[in-house]
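Participant: what follows is a predicted structure for the sequence shown.
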Amino acid sequence: MTIERADIEKLAELARIQITEEQITSTTNSLANVLALVDQLQAAETDGIAPMAHPLDAIQRLRAD
């Protein structure tokens, strides 16, 4: 998915924020990087992997009461 200038301008309008030309360029690049990372994560093979609630097998100690 690609993000374009018009998308950034529309998001700024919906959020009711002013955005400068410089911010549009940097925001477009930042969002493109995030979307590329999401695409990379979606490409990972996850069949047969059980979901985890927490990556560590930590046990929470509870009070006696």
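Facilitator: Done, it's in. It should be emphasised that the depicted structure is a prediction, and the values quoted were computed from it without experimental measurement. Numbers count the residues shown, from 1 in each chain.
Participant: run through who's touching the helix or strand containing S26.
Facilitator: Using DSSP states H and E, S26 sits in helix 21-42. Residues outside helix 21-42 that contact it (C-beta atoms under 8 Å, 6 or more residues apart in numbering): M1, T2, I3, E4, R5, D7, I8, E9, A12, I19. From N, CA and C alone the C-beta is placed, and that goes for glycine too.
Participant: closest to A58 among these?
Facilitator: For these, the residue nearest A58 by C-beta to C-beta is M1; the value is 36.1 Å.
Participant: who touches that closest one in this structure?
Facilitator: M1 sits in contact with L35, D39, where contact means C-beta under 8 Å, 6+ apart.
Participant: helix, strand or coil for D47?
Facilitator: coil (DSSP: H, G, I helix; E, B strand; the rest coil).
Participant: tally of neighbours for it?
Facilitator: Residue neighbour count, defined by other C-beta atoms under 10 Å, stands at 4 for D47.
Participant: could you export the contacts of helix 21-42 as a markdown table, including distance to A44 and pLDDT?
Facilitator: A markdown table is the format used below for the contacts of helix 21-42 (distance: C-beta to C-beta, whole Å; pLDDT from 0 to 100):
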| residue | distance to A44 | pLDDT |
| --- | --- | --- |
| M1 | 17 | 70 |
| T2 | 21 | 83 |
| I3 | 22 | 88 |
| E4 | 27 | 90 |
| R5 | 30 | 91 |
| D7 | 26 | 92 |
| I8 | 28 | 93 |
| E9 | 33 | 93 |
| A12 | 32 | 94 |
| I19 | 33 | 94 |
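Participant: out of the residues you listed, which are buried?
Facilitator: I3, I8, A12 (16 or more other C-beta atoms under 10 Å).
Participant: nearest residue to the first one other than its sequence neighbours?
Facilitator: Just to be clear, that refers to I3. L31 (4.7 Å; C-beta to C-beta, 6 or more residues apart in numbering).
Participant: state the distance from the one you found to D65.
Facilitator: 49 Å (C-beta to C-beta, to the nearest Å).
Participant: who has more neighbours out of these two?
Facilitator: L31 (16 against 3).
Participant: at the geometric centre of the protein, which residue do we find?
Facilitator: V34 (5.9 Å; C-alpha atoms, centre = their mean).
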